[in-house]
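In: Okay, structure incoming, though there's no sequence with it:
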Ligand code: SF4
């Protein structure tokens, strides 16, 4: 799959309270959650993104609570994928379970500027910055995770088995 | 080569003879937990998958504790949806209203989570039950849906880190201080994807309350689970509560650990974690002059009867500073009742405290104790991220109940030694 968009950079340890503050968790409506995506990390974030844009996090992206509202808000806000130096465990799990593509790369962060256009090719495992100026490898995804994404998330994967 | 307790529990639940870190397994789940924030999504996913009946009505636990008593119309709708599902599915362990407690205080107390169990919860602090010698880990709502449907879930076997804690604790130092100190040393991703196993002669003497608050915060170091090898303290705690069979798993002496860290507990003072990460911990004696607006004593980390007793000891015949809002939250109805019987609630009221019903409420900035811009709170909770308890411009400092009580009286960050 190909993901193309501008990157928006964030620092290390972006927690789920920054991605979607708990004060908005009284609903699980994706459209409402999308309005507050990344609000406590950058209050102007939702106003500046375009569909397809990409979040670029530092270490331990998505730490904190288990709220799936975090990947839901990111997906519903129109972002195409998240790249980070590393991900917190539950966020990593949730993203695969719901089909939000995420990739790990330590090299990309220092090499791009906020708002720069990148292309991610998950099939060949490469990230290309601003029309080929630089390129980077991304870690491959374990085969089981690929199955999850191919099925459209954990529930669809299981529903097949469950409904026989 | 031997195995750790974490590996043994996973091995037994995956019905395997051998297991190693990194392996992806499918394992049976003993308890699957959800709350008013995460269960609504899980229920809708369950229904989308064509789910008709949960795999076992005794093993799915639903606790409406986050925004209850219902904060607003949205939260009332969420709870209504979960309640309808719980009644239709005849869920045995469904808690709301007068019997609700904060989930991670409630489950051990009610004997629902037991040693040797594999427990998943759509709440990151599900790792709390590791204190009992269970494998317990936080997952997302989709995972909860899958577990409710099939009674199984996929796991990646974690590497284990061992923390050997030895020496006698200084006065007013508790499990909370040990874990804040450890997170301060290894950082908020210091145990990313790993199991944190706590052992040593200090640990042997820790009460279950202290172990629960330590395991509770394993996630704050990025861990998959925190765990204590069960012993006599565990047996005494679970013996009368358990209504089903449980198993004590022990780590083999030749088990393999990715890291082993020795900690001299005797050197540790009461800790405070400064904003905005639980790893920003330092000695309370080195906190400096930091004025506070609110002190919160409660949550799944430190809202147990032992915590309330400590706070009451300090607040006895004293008053919170006039500019401090002191909020006390007994974590479950049983704790509330016990605190009433022991006269602790009277002590809190006389000290000027607001006593909240058992609820997550203020801990996550939900309701009943929200901070305004620029305000500071000291709290016995587990997270001090930006905006955790209210306005993004507010600050949260984490500490044990003694420090929170002493700080309430003095109106600034302070250790209990300052009051003596
Ligand atoms: S008390 Fe706080 S940390 Fe514990 S479950 Fe409730 S919101 Fe989460």
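Out: Done, it's in. Because the structure is predicted, anything quoted here is derived from the model rather than measured.
In: Quick check: residue B:358 touching residue B:337?
Out: No - Residue B:358 lies out of contact with residue B:337 (CB atoms under 8 Å); the separation is 10.7 Å. The C-beta positions use only the backbone N, C-alpha and C, and glycine is treated the same way.
In: of those two, who's got more company?
Out: More neighbours surround residue B:358 than the other of residue B:358 and residue B:337, with 25 against 13 (other CB atoms under 10 Å in any protein chain shown).
In: Now the more buried one: phi and psi?
Out: phi -50, psi 120 (degrees, to the nearest 10).
In: residues in contact with it?
Out: Neighbouring residues of residue B:358 by CB atoms under 8 Å, 6 or more residues apart in numbering or on different chains: B:65, B:100-102, B:105, B:303, B:329-333, B:335-336.
In: So for it, what pLDDT did the model give?
Out: Per-residue confidence (pLDDT) for residue B:358: 98.
In: ok, the spatially most central residue of chain A - contacts?
Out: What sits nearest the mean C-alpha location of chain A, by CA atoms, centre = their mean, is residue A:82, with 2.7 Å. Contacts here follow CB under 8 Å, 6+ apart; on that basis residue A:82 touches A:54, A:55, A:56, A:57, A:61, A:74, A:95, A:100, A:101, A:102, A:103.
In: circling back to that earlier point, most surrounded residue in the contacts of residue B:358?
Out: Neighbour count (other CB under 10 Å) singles out residue B:303 as the most crowded of these, with 31 neighbours.
In: In contact with that residue, which residues are there?
Out: With contact taken as CB under 8 Å, 6+ apart, residue B:303 is in contact with B:102, B:105, B:297, B:329, B:330, B:331, B:332, B:335, B:358, B:380.
In: follow-up on the earlier one: go through the contacts of residue B:358 and say which is closest to the ligand.
Out: When these are compared for distance to the ligand (CB to the nearest ligand atom), residue B:102 wins out at 4.8 Å.
In: my guess is that closest one contacts residue B:331, does it?
Out: Yes - Residue B:102 lies in contact with residue B:331 (CB under 8 Å); the separation is 4.5 Å.
In: Checking the residue of chain A found nearest the ligand next. Helix, strand or coil?
Out: Chain A approaches the ligand most closely through residue A:65 (7.1 Å), counting by CB to the nearest ligand atom. Using DSSP: H, G, I helix; E, B strand; the rest coil, the secondary structure recorded for residue A:65 is coil.
In: count of neighbours near it?
Out: Neighbour count of residue A:65, defined by other CB under 10 Å: 31.
In: dump the residue contacts of it.
Out: Contacts of residue A:65 by CB under 8 Å, 6+ apart are A:15, A:16, A:17, A:22, A:90, B:123, B:124, B:364.
In: tell me what the helix-or-strand element of chain A with minimal mean pLDDT is packed against?
Out: Within chain A, confidence by mean pLDDT, DSSP states H and E is lowest for helix A:143-151 among all helices and strands, at a mean of 78. Helix A:143-151 is packed against helix A:89-98, helix A:154-162, with contacts defined by 3 or more CB pairs under 8 Å, 6 or more residues apart in numbering or on different chains; DSSP states H and E.
In: Deepest in the core, which of the ones you listed is it.
Out: Of all the helices and strands packed on helix A:143-151, helix A:89-98 has the most neighbours on average by mean count of other CB atoms under 10 Å in any protein chain shown, namely a mean of 26.
In: That one to helix A:154-162, inter-axis angle?
Out: Relative orientation of helix A:89-98 versus helix A:154-162 (axes from the mean of the first three to the mean of the last three CA atoms, to 10 degrees): 60 degrees.
In: Could you show which parts of chain B are in contact with the ligand?
Out: B:66, B:102-104, B:123, B:125, B:299-300, B:360, B:363-364, B:381-382 (CB under 6 Å from any ligand atom).
In: between the residues you listed, which is nearest chain A?
Out: Of all the residues of chain B next to the ligand, residue B:364 has the smallest distance to chain A: 4.2 Å, by CB to the nearest CB.
In: ok so, going back, now distance to chain B too, for the helices and strands packed on helix A:143-151, in JSON lines please.
Out: Formatted as JSON lines, those follow (distance: least, CB to the nearest CB, whole Å):
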{"stretch": "helix A:89-98", "distance to chain B": "4"}
{"stretch": "helix A:154-162", "distance to chain B": "4"}
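In: mind checking which of those helices is nearest residue B:151?
Out: Nearest of these to residue B:151, taken as CB to CB: helix A:154-162 at 11.1 Å.
In: so for the closest one, what's the average pLDDT?
Out: Helix A:154-162 shows an average pLDDT of 83 in the prediction.
In: Packing partners of that helix?
Out: In this structure, helix A:154-162 makes packing contacts with helix A:89-98, helix A:143-151, helix B:39-48, helix B:141-150, judged by 3+ CB pairs under 8 Å, 6+ apart.
In: Give me whichever of the ones you listed is most buried.
Out: Neighbour counts averaged per stretch over the helices and strands packed on helix A:154-162 are highest for helix B:141-150, at a mean of 28; criterion: mean count of other CB under 10 Å.
In: Could you check how far the following helix or strand past that helix is from the centre of its chain?
Out: Remark: after helix B:141-150, the chain's next helix or strand is strand B:152-156, criterion DSSP states H and E. Distance of strand B:152-156 from its chain centroid, counting by CA atoms, centre = their mean, to the nearest Å, is 22 Å.
In: Flag every buried residue along strand B:152-156.
Out: By neighbour count on 16 or more other CB atoms under 10 Å in any protein chain shown, the buried set for strand B:152-156 is B:152, B:153, B:154, B:155, B:156.
In: what sits opposite the fourth one in the beta ladder?
Out: On DSSP bridges, the residues paired with residue B:155 through beta bridges are residue B:25.
In: Quick check: what element follows the top strand by length along chain A along the chain?
Out: Ranked by residue count and defined by DSSP state E, the top strand of chain A is strand A:2-9. Moving toward the C-terminus from strand A:2-9, the next helix or strand (DSSP H and E) is helix A:16-19.
In: That next one packs against which elements?
Out: Here helix A:16-19 touches helix A:69-76, going by 3+ CB pairs under 8 Å, 6+ apart.
In: Direction included, what does whichever strand or helix holds the residue nearest to the centre of chain A pair up with?
Out: Per DSSP H and E: residue A:82 is located in strand A:81-84. Within its sheet, and counting by DSSP bridges, strand A:81-84 is paired with strand A:54-57 (parallel), strand A:102-104 (parallel).
In: Name the nearest residue to residue B:188, sequence neighbours excluded.
Out: In space, and not counting its chain neighbours, residue B:188 is closest to residue B:279: 4.8 Å by CB to CB, 6 or more residues apart in numbering or on different chains.
In: Next up, the contacts around residue B:231.
Out: Applying CB under 8 Å, 6+ apart to residue B:231 gives the contacts residue B:204.
In: Could you measure from it over to residue B:361?
Out: Distance of residue B:231 to residue B:361, computed by CB to CB, to the nearest Å: 34 Å.
In: Run through chain A and note the low-pLDDT ranges.
Out: Judged against pLDDT under 70, the low-scoring parts of chain A cover residues A:140, A:162-164.
In: now with 90?
Out: Along chain A, the model assigns pLDDT under 90 to residues A:1-2, A:28, A:96-101, A:122-125, A:130-134, A:138-153, A:156-164.
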